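A.B. asks: When you get a sec, could you give me coordinates for this:
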Amino acid sequence: MMAISYFAKDLPRLMRQKNDKDWNKYSVKEIRGATLGVIGYGDIGRAAAKLAKAYGMTVKALRRNPQNSKDDPFCDDVYVSSRESLNRIMSESDYVLCAAPLTADTKGLIGQEAFKNAKMDSVFINVGRGPIVDESALIDALKDGCLKGAGLDVFATEPLPIESELWTLDNVLMSPHNMDQTETFQQEATEFFLEENLPRFLRNKNLLNPVDAAAGY
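C.D. replies: This is a model prediction of the structure:
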């Protein structure tokens, strides 16, 4: 939601005007009524959808198993993962959030074709994994106007190489893969293991948050 508000309210302009002591009013984009498309509707994607709904947004999702989102109060439409559905959600969304895991199927998933289908003036946000996105195609889309902007927390190569054009594009909001790095996250993860999964393992009970080796996440 921070990235959405950043572009909807044009935060860079606000900062420039503050620096210039410029009291010049301008219209901002309304978040209410806008559409958020979520690519990868797992725990992170659904948490984002819950927040988006609180802002009055329409939420559309792309996932491998759409039946898992049946009657989900935070999702208005869900599409099964496919190239056609990806292009569709790109064309219907004002903001596109990639929250998918990196697998053999998702590597390079979002590239030139997807960005060319993007809705005019839309914003692309990636909190999933960098290699899911073709960064060259993303940069082209940001430079030629296919996208209004991008909010990126993950990249194909980390740390991001200093020669990357993403550093110099004015319509890119970047963070160094730390948007979930709170002061307590390691403690919370340790407590979860010690208080939840370790006792379950010792009692031969089902573990929480299991990894599906076949799916790759």
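A.B. asks: mind listing the helices for the chain?
C.D. replies: 2-8, 11-20, 43-54, 83-92, 112-116, 135-144, 185-192, 198-202 (DSSP state H).
A.B. asks: Distance from the last one to the middle of the chain?
C.D. replies: If you compare the mean C-alpha spot of helix 198-202 with that of the full chain, they lie 33 Å apart, counting by CA atoms, centre = their mean, to the nearest Å.
A.B. asks: Can you dump the C-alpha atoms of that helix in CSV for me?
C.D. replies: The C-alpha coordinates for helix 198-202 follow below in CSV (Å, rounded to 0.1, in the frame of the first residue of the first chain):
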residue,chain,number,x,y,z
LEU,A,198,9.2,-28.2,17.0
PRO,A,199,6.5,-29.4,19.4
ARG,A,200,4.4,-30.6,16.5
PHE,A,201,7.4,-32.5,15.1
LEU,A,202,8.2,-34.1,18.4
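A.B. asks: Pull the contacting residues for N178.
C.D. replies: The neighbourhood of N178, defined by CB atoms under 8 Å, 6 or more residues apart in numbering, consists of D153. For glycine as for every other residue, the C-beta is placed from the backbone atoms N, C-alpha and C.
A.B. asks: State the distance from the nearest residue to A3 once chain neighbours are set aside to L160.
C.D. replies: Nearest residue to A3, sequence neighbours excluded (CB to CB, 6 or more residues apart in numbering): G151, at 3.1 Å. Distance, G151 to L160, by CB to CB, to the nearest Å: 14 Å.
A.B. asks: With V211 instead?
C.D. replies: 28 Å.
A.B. asks: With neighbour numbers in mind, choose between these two.
C.D. replies: More crowded of V211 and L160, by other CB atoms under 10 Å: L160, with 18 against 9.
A.B. asks: Read off the pLDDT value for the closest residue to that one other than its chain neighbours.
C.D. replies: Distance criterion CB to CB, 6+ apart; nearest residue to L160, sequence neighbours excluded, is L166 at 6.5 Å. Predicted confidence (pLDDT) for L166: 98.
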